[in-house]
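Participant: Only the shape, not the letters, is given here:
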């Protein structure tokens, strides 16, 4: 085994290290200062050596320089299946050598990527060479041109391509600063920390003889079984957006594998000897791992909960009974540990607080759990651990505890608060109803007073004046000579017309005073309307009264009569209904309702959406009358199914005795009993 160091070329032989070529005749490690930076063994067994001052190969323990390739930094070398040796020279482009002669020198700019190559790998099946670049990206070069190119846009890992390696199945793996990328059949998939790697930066990758892959990462040496990578690759090939994970074993400083954040500048950085051992460079020497003799810890670590601290007060966690914590606890800290004598620093934990955490919390090797502002309730804290070999103690251990509620967090308090809130809403709603009812009643009283005033003014002024004119005209008619027949007849006709005007004025005054319908007289008034409209038609008309009769406000009674009269006339004339029913309902406290239904021909519901037929004002008039008394008018109708009109007036507005009963109740509640209102 040859090793390139800063002080020269060294040979490892059964644990003995000897400096190769100590005499000046062999040219390596001599006083001239040759320091090899990259080594490669071709298919003839020759060791190609690159140093700052020379480039050549070792044959029979002698260095043979090749002056066509200048000295300097060679980052990588590879040999394709035609026997050509490819040399990635940092300062002098890409060289192709055959039988010790330079076939071609390809500038880096001709390969479509910025920067120089950091790694080379020969394609064992198709021929050609794969090139990874220091600034990222991988290309396939064959027959003098770039055949394919892959970047981060195709799924390749970000950053520098540190190493390219074909496995036994012909799959190309690229170790990059952004993860381990797999290139197969023109598709790229990258394994990162999101899929189970301890970190993203991968320095190199190699396959051992025991069906496992070894990765040197910034977090240490990682072992992944081939089956894990195959399952990951199958899942990625099926769905691009899926993120399957792999199980990886990590060897770090605690296991003797040094962590390196940066990769070395040249390659190869790893080699596999004939006995299957892996040799790699951690900068401060040479490390060797034998995959066949890796110790495995089969013993799952026992888990123990040490204590629980609530608001800086510590409680014993060893009791088998449920631990009771006080109310209004803000900060809860639970200390636990895992018992393992084999690398205890690598014991990993995960925990879950039932009734609070939705899933397990992965916390690495942290041995404390923190919770803030937990609500009152019962909890179970579960914790499990795994040893340095990834063996989990699935059963783990648990701690039951509860947090007592404060008085305002109890169920009875919440129910009481809800009841008080609902009661307040009900009171506010009733007060609002009463306020609206008072406003509506006030408007109705104003209208009544205005109508009475108009009626008085008409009676005291206009009708009296008309009556006085009639008397004056009668006096004038007596003074007309008997022989003036024409004048006498004309005056008599004028007097008859004046009498008609006087009678019409009295009718208008009577209507303004709303005194035509007595208490409980709505059914009789509606029957009278039906008799006037029927005109001998064979129509069944019926009125139904439900509930105890109550005194309606005069304005409500009048407007209700007008709405019902319009509905009855429409049912008997326009709808041609053979059965018309009027239902009057006096509900105790809620509302007053009038409903008129018939089995006539009905009308299109679109007419309701339009507010009625053009130049017909019946529906509009009924709605206006219902709004005046704070009521709600509902109309249902379908063609050939009849119609139904319903007027609903809140009880606080409709009934005259509603407000009095409310006042009487409030006064009794205040202790003023027996007062008559």
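Facilitator: Done, it's in. These figures come from a predicted structure and were not determined experimentally.

Participant: Counting neighbours, what do you get for the closest residue to residue 55 other than its chain neighbours?
Facilitator: Leaving aside its sequence neighbours, residue 55 sits nearest to residue 69 (Cβ to Cβ, 6 or more residues apart in numbering; 4.2 Å). Heads up, the C-betas are built off the backbone N, CA and C, glycines and all. Close neighbours of residue 69, defined as other Cβ atoms under 10 Å, add up to 21.

Participant: OK, contacts around residue 69?
Facilitator: Residue 69 is in contact with 55, 87, 89, 92, 95, 97, 102, counting by Cβ atoms under 8 Å, 6 or more residues apart in numbering.

Participant: what kind of secondary structure is it in?
Facilitator: At residue 69, secondary structure determined by DSSP: H, G, I helix; E, B strand; the rest coil is coil.

Participant: Residue 544 now?
Facilitator: With three-state DSSP as the basis, residue 544 sits in strand.

Participant: thought it was touching residue 593?
Facilitator: No. Residue 544 lies out of contact with residue 593 (Cβ atoms under 8 Å); the separation is 11.5 Å.

Participant: Tell me which of the two has more neighbours.
Facilitator: Ranked by neighbour count (other Cβ under 10 Å), residue 544 and residue 593 place residue 593 first, with 20 against 11.

Participant: if you skip the residues just before and after it, what's nearest to the more buried one?
Facilitator: residue 585 (4.3 Å).

Participant: ok so that neighbour is a helix residue?
Facilitator: No. Counting by three-state DSSP, residue 585 is not part of a helix but strand.

Participant: Please name the bridge partners of residue 224.
Facilitator: Taking DSSP bridges as the rule, residue 224 bridges to residue 213, residue 248.

Participant: show me the contacts for it.
Facilitator: Listed by Cβ under 8 Å, 6+ apart, the contact set of residue 224 reads 212, 213, 215, 246, 247, 248, 249.

Participant: Of the contacts of residue 69, grab the buried ones for PyMOL.
Facilitator: Here is the PyMOL selection string for the buried members of the contacts of residue 69, based on 16 or more other Cβ atoms under 10 Å:
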select buried, resi 55+87+89+92+95+97
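
Participant: a markdown table please, covering the contacts of residue 69 and showing pLDDT and secondary structure.
Facilitator: A markdown table is the format used below for these (pLDDT from 0 to 100; DSSP: H, G, I helix; E, B strand; the rest coil):
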| residue | pLDDT | secondary structure |
| --- | --- | --- |
| 55 | 90 | strand |
| 87 | 95 | strand |
| 89 | 92 | strand |
| 92 | 86 | coil |
| 95 | 94 | strand |
| 97 | 94 | strand |
| 102 | 91 | strand |
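
Participant: from the contacts of residue 69, which two are the most distant?
Facilitator: 92 and 97 (12.9 Å; Cβ to Cβ).

Participant: Mind listing the shared neighbours of residue 544 and residue 593?
Facilitator: Joint contacts of residue 544 and residue 593 (Cβ under 8 Å, 6+ apart) are 583, 584.

Participant: ok, longest helix in the protein?
Facilitator: Criterion DSSP state H: the longest helix present in the chain is helix 411-457.

Participant: could you give the mean pLDDT of it?
Facilitator: The average pLDDT for helix 411-457 rounds to 81.

Participant: For this protein, which segments count as helices?
Facilitator: Ranges of helices in the chain, per DSSP H, are 226-238, 411-457, 464-479, 485-512, 522-534, 554-569, 605-609, 618-628, 651-654, 656-669.

Participant: export those to a markdown table and tack on mean neighbour count?
Facilitator: Output for the helices of the chain, formatted as a markdown table (neighbours: other Cβ atoms under 10 Å):
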| stretch | mean neighbour count |
| --- | --- |
| helix 226-238 | 16 |
| helix 411-457 | 13 |
| helix 464-479 | 12 |
| helix 485-512 | 13 |
| helix 522-534 | 16 |
| helix 554-569 | 22 |
| helix 605-609 | 11 |
| helix 618-628 | 17 |
| helix 651-654 | 23 |
| helix 656-669 | 13 |
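
Participant: and those helices as a markdown table, adding distance to residue 299?
Facilitator: Shown next, in a markdown table, are these (distance: least, Cβ to Cβ, whole Å):
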| stretch | distance to residue 299 |
| --- | --- |
| helix 226-238 | 23 |
| helix 411-457 | 48 |
| helix 464-479 | 120 |
| helix 485-512 | 105 |
| helix 522-534 | 95 |
| helix 554-569 | 90 |
| helix 605-609 | 80 |
| helix 618-628 | 86 |
| helix 651-654 | 82 |
| helix 656-669 | 79 |
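
Participant: so which of those helices gets nearest residue 44?
Facilitator: With Cβ to Cβ, the closest approach to residue 44 among these belongs to helix 226-238: 31.3 Å.

Participant: And that closest one, what does it pack against?
Facilitator: Helices and strands touching helix 226-238, by 3 or more Cβ pairs under 8 Å, 6 or more residues apart in numbering; DSSP states H and E, are strand 179-184, strand 187-191, strand 212-217.

Participant: what pLDDT does residue 239 get?
Facilitator: pLDDT, residue 239: 69.

Participant: Which one of the helices and strands packed on helix 226-238 lies nearest to residue 540?
Facilitator: Comparing the helices and strands packed on helix 226-238 by Cβ to Cβ, strand 187-191 comes nearest, at 84.7 Å.

Participant: Report the rounded mean pLDDT for the closest one.
Facilitator: Averaging pLDDT along strand 187-191 yields 92.

Participant: By mean pLDDT, which helix or strand of the protein comes out lowest?
Facilitator: Least confident helix or strand, the chain: helix 656-669 with a mean of 49, by mean pLDDT, DSSP states H and E.

Participant: Let me know the pLDDT of the residue with the largest distance to the centre of the chain.
Facilitator: Going by Cα atoms, centre = their mean, the residue of the chain most distant from its centre is residue 483, 105.1 Å out. Note on residue 483: pLDDT of 76.

Participant: Ok, residue 527 next?
Facilitator: For residue 527, pLDDT reads 88.

Participant: That one and residue 338, how far apart?
Facilitator: Separation of residue 527 from residue 338 (Cβ to Cβ, to the nearest Å): 94 Å.

Participant: swap in residue 637?
Facilitator: With Cβ to Cβ as the criterion, residue 637 and residue 338 are 79 Å apart.

Participant: These two: who's more crowded?
Facilitator: residue 338 (23 against 19).

Participant: I'd guessed the more buried one sits against residue 305; true?
Facilitator: No. The criterion here is Cβ under 8 Å, and residue 338 misses it with residue 305 at 10.9 Å.

Participant: In the stretch 251-400 of the chain, where is pLDDT below threshold?
Facilitator: Scanning the stretch 251-400 of the chain with the threshold set as pLDDT under 70 gives 256, 261-263, 283-284.

Participant: Strands of that one, start to end?
Facilitator: For the stretch 251-400 of the chain, applying DSSP state E, counting those that start in this stretch gives strands covering 270-272, 278-280, 287-289, 303-310, 313-316, 323-325, 331-338, 348-354, 361-362, 368-372, 377-386, 392-403.

Participant: I'd like to know which of those strands is closest to residue 442.
Facilitator: Taking Cβ to Cβ, strand 377-386 is the member of the strands of the stretch 251-400 of the chain nearest to residue 442, at 54.6 Å.

Participant: Much appreciated, bye for now.
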